[in-house]
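*Asks:* got a structure for you, letters missing:
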Ligand SMILES: Nc1ncnc2c1ncn2[C@@H]1O[C@H](COP(=O)(O)OP(=O)(O)O)[C@@H](O)[C@H]1O
Ligand SMILES: O=C(CO)[C@@H](O)[C@H](O)COP(=O)(O)O
């Protein structure tokens with residue numbers, strides 16, 4: 001405890017889909033404290049499943065904003081009870097699940113600036129939100145708003161050139177447009193709209209934090225090259241939107257000192273800096289110290305794959321975001337909605353709810369799964385837009401079921417084949433020096449990572465914690481401490497622990513998957529044309 005008391009550090013937060021997490025990283029860049037609060041388990045009164053409420057239409061997906069606030073109260077109290085010495089925190093930053101939005105009611109800013117240190121945040125912020133259930137990234141209820149936005153700017157390709165993505169249902173501009181159209185009263189009583197990331201930063205700041213460029217790129221509103229809101233997009237979504245969003249800022253900005261609430265209640269030093277919070281995927285890019293040529297694969301609630309890009313290359317599939325650590329550069333991202341929750345379902349159905357049984361099934365089956373292939377999309381997938389389970393025999397015949405072990409391998413191989421195929425469609429190629437950096441909850445599972453190495457034909461590395469968004473946030477906080485010195489991020493993290501090699505491709509893997517990847521792509525097209533119907 002005495003040693004801990006003397007440890008100067010930065011904190012990295014992550015407000016992700018299923019939990020709030022925190023890490024403390026010391027000046028040697030070692031993680032010495034990690035904690036989390038899980039919404040379903042620790043905040044049962046909100047009745048979420050996987051951190052969200054799926055509404056009756058099956059499309060609308062929200063999370064209660066007060067659950068996020070209370071999770072922060074709980075985790076800070078846990079840290080305090082464990083003897084965590086807040087007085088040593090030099091700076092903090094954080095991440096949020098991307099695209100989700102928070103609606104602050106008129107007058108909330110006044111409450112935020114005058115919080116009493118004697119009471120938890122939840123009690124004081126109860127009446128501060130004009131929308132109590134916030135749309136989150138899993139929402140896919142804004143198809144009409146997406147079509148309106150694309151039409152307003154000259155089509156999907158034009159929107160993608162401007163904002164880095166064609167219109168996506170979860171992207172915040174379309175979510176805001178839906179709220180404005182369906183609940184104009186709540187919209188007019190909203191003085192500020194935050195992303196989950198800038199909302200969390202606002203709690204620490206005690207005032208509204210700006211949106212950063214990188215997470216702001218997930219809104220279909222930001223011109224990613226000029227780094228300003230697009231007037232055409234704002235106008236197409238809702239009136240007076242610019243004033244409700246505030247000006248976006250570079251991701252490495254220090255947005256202010258911590259609010260006196262945290263100084264008085266927890267003992268943070270008054271000079272503790274708050275560095276702009278960003279999206280969880282951009283923060284993971286920082287945490288994994290991704291370099292050009294590497295591929296990051298995050299296996300969290302969603303599965304994502306992302307790359308570092310020098311130049312933006314917007315397309316009709318995937319997203320281009322401003323880079324969170326280098327303002328001149330960009331990142332590309334693909335998001336797959338059927339990630340960990342889909343794996344959990346197959347684990348429960350075919351492996352008695354046990355990850356070790358699940359692993360045994362992967363170990364006892366051959367690469368290539370005897371030619372059996374599967375698509376497992378219990379919710380409408382983002383990449384590509386397919387729903388349902390589709391299983392195919394080695395002869396490409398659709399079958400209704402697989403034996404349990406075959407089902408498990410078909411799921412994991414299928415998930416990784418989809419990632420490789422869609423990354424290649426973006427122009428990405430696995431090179432002899434390519435490293436895959438894996439993170440997220442499922443990166444704890446070595447058998448899953450072995451399949452990843454085999455399908456991609458590249459070695460897989462991990463960092464010491466699967467919480468790369470938290471670690472990246474703490475690294476970004478250290479970078480913020482050097483603000484004004486032009487110190488590149490790479491210089492800040494050069495002492496960070498090396499990434500660890502955890503899986504290399506099995507001999508013969510490339511021959512097995514070359515043929516299988518072609519079949520997977522062909523069958524994906526077949527399902528797409530069957531579900532979309534014949535071309536007109
Ligand atoms: N050993 C494991 N094997 C496979 N998946 C795992 C394992 N341990 C945890 N997970 C998955 O990790 C997921 C949570 O990942 P995490 O990155 O913490 O999510 P998020 O940041 O989106 O809240 C869980 O839903 C669970 O399915
Ligand atoms: O929508 C996206 C990225 O575009 C998701 O990746 C969210 O950012 C949620 O992240 P996790 O909670 O699954 O990490």
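*Replies:* Received the coordinates, thanks. It should be emphasised that the depicted structure is a prediction, and the values quoted were computed from it without experimental measurement. Residues are numbered from 1 along each chain as shown. Ligands and ions are numbered 1, 2, ... in the order given.
*Asks:* Domain-wise, how is the protein divided?
*Replies:* Segmentation of the chain into domains, based on the TED database, reads 9-282, 289-535.
*Asks:* could you redo those domains as a markdown table and give each row mean neighbour count and mean pLDDT?
*Replies:* In this view, the C-beta of every residue, glycine as well, is placed from N, C-alpha and C. Below are the domains of the chain laid out as a markdown table (neighbours: other CB atoms under 10 Å; pLDDT from 0 to 100):
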| stretch | mean neighbour count | mean pLDDT |
| --- | --- | --- |
| domain 9-282 | 21 | 98 |
| domain 289-535 | 19 | 95 |
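*Asks:* Just send those domains back as a markdown table, with distance to ligand 1 too.
*Replies:* Listed next are the domains of the chain as a markdown table, based on distance: least, CB to the nearest ligand atom, whole Å:
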| stretch | distance to ligand 1 |
| --- | --- |
| domain 9-282 | 3 |
| domain 289-535 | 2 |
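*Asks:* Which pLDDT value does the model give residue 3?
*Replies:* For residue 3, the pLDDT comes out at 45.
*Asks:* Who are the contact partners of residue 82?
*Replies:* Residue 82 sits next to 33, 35 when contact means CB atoms under 8 Å, 6 or more residues apart in numbering.
*Asks:* just the one 10 residues further on next, same as before
*Replies:* Applying CB under 8 Å, 6+ apart to residue 92 gives the contacts 10-13, 204, 258, 272-275, 473-474, 477.
*Asks:* Checking it next. Helix, strand or coil?
*Replies:* Under the three-state scheme (DSSP: H, G, I helix; E, B strand; the rest coil), residue 92 adopts strand.
*Asks:* Please apply the same query to residue 465.
*Replies:* coil.
*Asks:* so it makes contact with residue 31?
*Replies:* Yes - using CB atoms under 8 Å, residue 465 is in contact with residue 31, at 5.8 Å.
*Asks:* what residues do the two have in common as contacts?
*Replies:* Contacts common to residue 465 and residue 31, judged by CB under 8 Å, 6+ apart, are 23, 471.
*Asks:* Can you add secondary structure and distance to ligand 2 and give the contacts of residue 92 back as JSON lines?
*Replies:* Formatted as JSON lines, those follow (DSSP: H, G, I helix; E, B strand; the rest coil; distance: CB to the nearest ligand atom, whole Å):
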{"residue": "10", "secondary structure": "strand", "distance to ligand 2": "21"}
{"residue": "11", "secondary structure": "strand", "distance to ligand 2": "19"}
{"residue": "12", "secondary structure": "strand", "distance to ligand 2": "14"}
{"residue": "13", "secondary structure": "strand", "distance to ligand 2": "13"}
{"residue": "204", "secondary structure": "helix", "distance to ligand 2": "20"}
{"residue": "258", "secondary structure": "coil", "distance to ligand 2": "25"}
{"residue": "272", "secondary structure": "coil", "distance to ligand 2": "26"}
{"residue": "273", "secondary structure": "strand", "distance to ligand 2": "25"}
{"residue": "274", "secondary structure": "strand", "distance to ligand 2": "21"}
{"residue": "275", "secondary structure": "strand", "distance to ligand 2": "19"}
{"residue": "473", "secondary structure": "helix", "distance to ligand 2": "13"}
{"residue": "474", "secondary structure": "helix", "distance to ligand 2": "17"}
{"residue": "477", "secondary structure": "helix", "distance to ligand 2": "19"}
